[in-house]
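1. What follows is a protein structure lacking sequence information:
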């Protein structure tokens with residue numbers, strides 16, 4: 001059952017507190033005014049299943065959940081730390097609308113609700129916040145700067161041997177969870193991760209000796225690890241067949257669900273086997289899998305000297321500002337993204353649609369050299385000047401210098417999002433999780449921006 005708002009927050013005990021304690025700090029007071037608008041929660045109500053709005057176990061108040069997530073994204077705390085800190089802080093309790101007599105929602109409740117709402121709802125809340133600022137004339141967009149960045153997935157640096165060890169370990173672990181469903185005589189899935197780890201350690205010792213035979217040893221040991229994964233895949237396929245064979249009568253849905261989960265993991269493991277086979281044959285690998293736990297993460301090369309290859313998803317950041325002066329701080333529209341490594345211009349149509357939906361037509365647009373003039377003309381109409389670094393002039397030399405300095409601020413804004421709002425690394429798995437993580441970060445940034453302007 002959906003609950004948009006909670007119960008009584010103020011208690012008789014609150015009246016005995018000093019006035020300094022009862023008042024919110026300046027930054028939280030600004031956020032409180034913005035989040036008190038009922039329109040902020042309208043996207044949640046619209047996205048909630050109609051049949052589940054008045055039935056079932058009640059959710060925690062959504063207004064409380066949104067405020068908790070905004071605090072989490074602004075501070076970088078994990079779910080457990082968030083619950084602990086809010087429980088121990090009177091200002092945070094008052095901001096999150098948690099009375100002194102109530103418990104802060106459990107971290108598992110917040111985590112599950114975060115994934116249930118997903119990115120689309122949070123992006124819609126972000127649009128509501130931006131539209132409200134435009135409607136009330138608190139913010140008048142004049143210019144826009146657009147750039148793309150990589151949000152890293154929560155994975156370690158991948159290698160084929162490491163993926164082989166992960167695949168054998170995960171298949172054995174997940175198959176063991178189905179022992180009670182598959183019966184005692186079901187095909188067993190051996191855990192061959194120790195054998196794969198042993199080959200990984202052997203390769204590390206071989207490379208450390210610098211004997212010049214590292215490549216031959218790597219191919220041989222990687223091929224052996226691929227054989228281990230292939231045997232585990234065969235055993236898991238037989239376990240899946242047994243589960244589906246027994247999926248009759250009582251408990252059939254649980255067996256089918258377990259079989260589906262095992263099949264997803266087995267497909268990923270088979271992809272690892274295929275990658276290893278192409279690696280041994282020295283063939284090109286396309287659409288590489290880099291993690292068993294996050295199949296949507298992809299290797300992305302951005303030409304950075306410090307980190308040539310990153311693993312995650314590309315997001316296009318479009319910041320609209322009121323001027324092009326140094327230090328201009330504006331609002332960020334929901335960031336489009338796709339699985340893989342798209343070019344700058346590939347995500348531009350979605351950015352143009354976002355601007356059109358919000359009724360924003362910036363007079364000046366500044367872009368880096370990765371954008372092609374043709375797609376910019378097609379998807380960002382109704383502008384007076386367009387500056388593309390190294391490719392398209394905006395008019396006079398003075399205007400080009402001004403917009404070049406303004407465009408460089410996009411790099412600083414991306415760095416700001418990574419340092420302050422969690423955009424460096426997504427802690428949620430998959431592209432769906434990365435979009436959810438980024439949506440919360442952009443929402444928190446926009447709320448902070450409007451609160452600073454109001455203050």
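-> Alright, I've got the coordinates. The model shown is predicted, which means the values in this text are computed figures rather than measured ones. Residues are numbered from 1 along each chain as shown.
2. all contacts plus neighbour counts: C-alpha atoms, from now on.
-> Fine.
3. tell me which element the nearest residue to residue 214 once chain neighbours are set aside is part of?
-> Nearest residue to residue 214, sequence neighbours excluded (Cα to Cα, 6 or more residues apart in numbering): residue 207, at 5.4 Å. Using DSSP states H and E, residue 207 maps to helix 193-209.
4. what is the mean pLDDT for that helix?
-> Here helix 193-209 scores 86 as its mean pLDDT.
5. same question, stretch 259-276
-> 95.
6. before we move on, the earlier item: burial of the residue nearest to residue 214, as a residue count?
-> 16 (other Cα atoms under 10 Å).
7. Surely it and residue 200 touch.
-> No: contact criterion Cα atoms under 8 Å: residue 207 and residue 200 do not qualify, at 10.7 Å.
8. Tell me if I am right that residue 320 is in a strand.
-> Yes: counting by DSSP: H, G, I helix; E, B strand; the rest coil, residue 320 is found in a strand.
9. tell me the pLDDT at residue 311?
-> pLDDT, residue 311: 94.
10. any idea how far residue 339 is from it?
-> Note on residue 311: its distance to residue 339, by Cα to Cα, to the nearest Å, is 11 Å.
11. Which one's more surrounded, those two?
-> Higher neighbour count among residue 311 and residue 339: residue 311, with 25 against 17, using other Cα under 10 Å.
12. what's the more buried one sitting at in phi/psi?
-> Residue 311 adopts backbone torsions of phi -120, psi 110, taken as degrees, to the nearest 10.
13. ok, it to residue 273 distance?
-> Applying Cα to Cα to residue 311 and residue 273 gives a distance of 20 Å.
14. And residue 390, by the same measure?
-> As judged by Cα to Cα, residue 390 and residue 273 stand 44 Å apart.
15. Near the spatially closest residue to residue 297 that is not a sequence neighbour, how many other residues are there?
-> Leaving aside its sequence neighbours, residue 297 sits nearest to residue 312 (Cα to Cα, 6+ apart; 4.5 Å). Using other Cα under 10 Å, residue 312 has 27 neighbouring residues.
16. next structured bit after the host helix or strand of residue 312?
-> Here residue 312, judged by DSSP H and E, is contained in strand 309-321. Note on strand 309-321: by DSSP H and E, the next helix or strand toward the C-terminus is strand 331-332.
17. Partner strands of that next one, with direction?
-> strand 309-321 (antiparallel) (DSSP bridges).
18. Which positions in the partner strand come out as buried?
-> 310-321 (16 or more other Cα atoms under 10 Å).
19. Then stretch 39-52?
-> So for stretch 39-52, counting by 16+ other Cα under 10 Å, buried means 40-41, 43-44.
20. related to what we said a few turns ago, compare neighbour counts for residue 390 and residue 273 and give me the winner.
-> Applying other Cα under 10 Å to residue 390 and residue 273 shows that residue 273 carries more neighbours, namely 25 against 11.
21. What sits closest to that one if chain neighbours are left out?
-> Using Cα to Cα, 6+ apart, the closest residue to residue 273 is residue 226 (5.3 Å).
22. ok, that neighbour to residue 166 distance?
-> Distance from residue 226 to residue 166, by Cα to Cα: 12 Å.
23. the more surrounded of those two?
-> residue 226 (29 against 20).
24. Run through the residues that contact that one.
-> Residues near residue 226 by Cα atoms under 8 Å, 6 or more residues apart in numbering: 164, 272-273, 276-277.
25. that older thread, could I get the buried residues of stretch 39-52 as CSV with secondary structure, pLDDT and distance to residue 428?
-> Putting those into CSV (DSSP: H, G, I helix; E, B strand; the rest coil; pLDDT from 0 to 100; distance: Cα to Cα, whole Å) gives the following:
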residue, secondary structure, pLDDT, distance to residue 428
40, helix, 93, 24
41, helix, 92, 23
43, helix, 94, 22
44, helix, 92, 20
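26. could you dump those to a markdown table with distance to residue 366?
-> Formatted as a markdown table, these follow (distance: Cα to Cα, whole Å):
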| residue | distance to residue 366 |
| --- | --- |
| 40 | 31 |
| 41 | 33 |
| 43 | 32 |
| 44 | 34 |
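27. where does residue 362 land in three-state SS?
-> Recorded secondary structure, residue 362: coil (three-state DSSP).
28. what about it, how many residues close to it?
-> What residue 362 shows, counting by other Cα under 10 Å, is a neighbour count of 22.
29. list the contacts for it?
-> Counted by Cα under 8 Å, 6+ apart, residue 362 has contacts 141-144, 320, 382-383.
30. now swap in residue 272 and tell me
-> With contact set as Cα under 8 Å, 6+ apart, residue 272 has these partners: 160, 163-164, 167, 226, 289.
31. Can you lay out the residues you listed as CSV showing pLDDT, distance to residue 118 and secondary structure?
-> Shown next, in CSV, are the contacts of residue 272 (pLDDT from 0 to 100; distance: Cα to Cα, whole Å; DSSP: H, G, I helix; E, B strand; the rest coil):
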residue, pLDDT, distance to residue 118, secondary structure
160, 91, 32, helix
163, 94, 28, helix
164, 95, 31, helix
167, 95, 28, helix
226, 94, 36, helix
289, 93, 24, coil
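32. ok, so of those residues, who is nearest residue 76?
-> Using Cα to Cα, residue 289 is the member of the contacts of residue 272 that sits closest to residue 76, with 28.3 Å.
33. From residue 5, how far out is the closest one?
-> 43 Å.
34. More neighbours: those two, which one.
-> residue 289 (21 against 15).
35. Show the contacting residues for that one.
-> So residue 289 contacts 268, 271-272, 295-298 (Cα under 8 Å, 6+ apart).
36. Tabulate the residues you listed in JSON lines, adding columns for secondary structure.
-> Compiled in JSON lines, the contacts of residue 289 are given as follows (three-state DSSP):
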{"residue": "268", "secondary structure": "helix"}
{"residue": "271", "secondary structure": "helix"}
{"residue": "272", "secondary structure": "helix"}
{"residue": "295", "secondary structure": "coil"}
{"residue": "296", "secondary structure": "coil"}
{"residue": "297", "secondary structure": "coil"}
{"residue": "298", "secondary structure": "strand"}
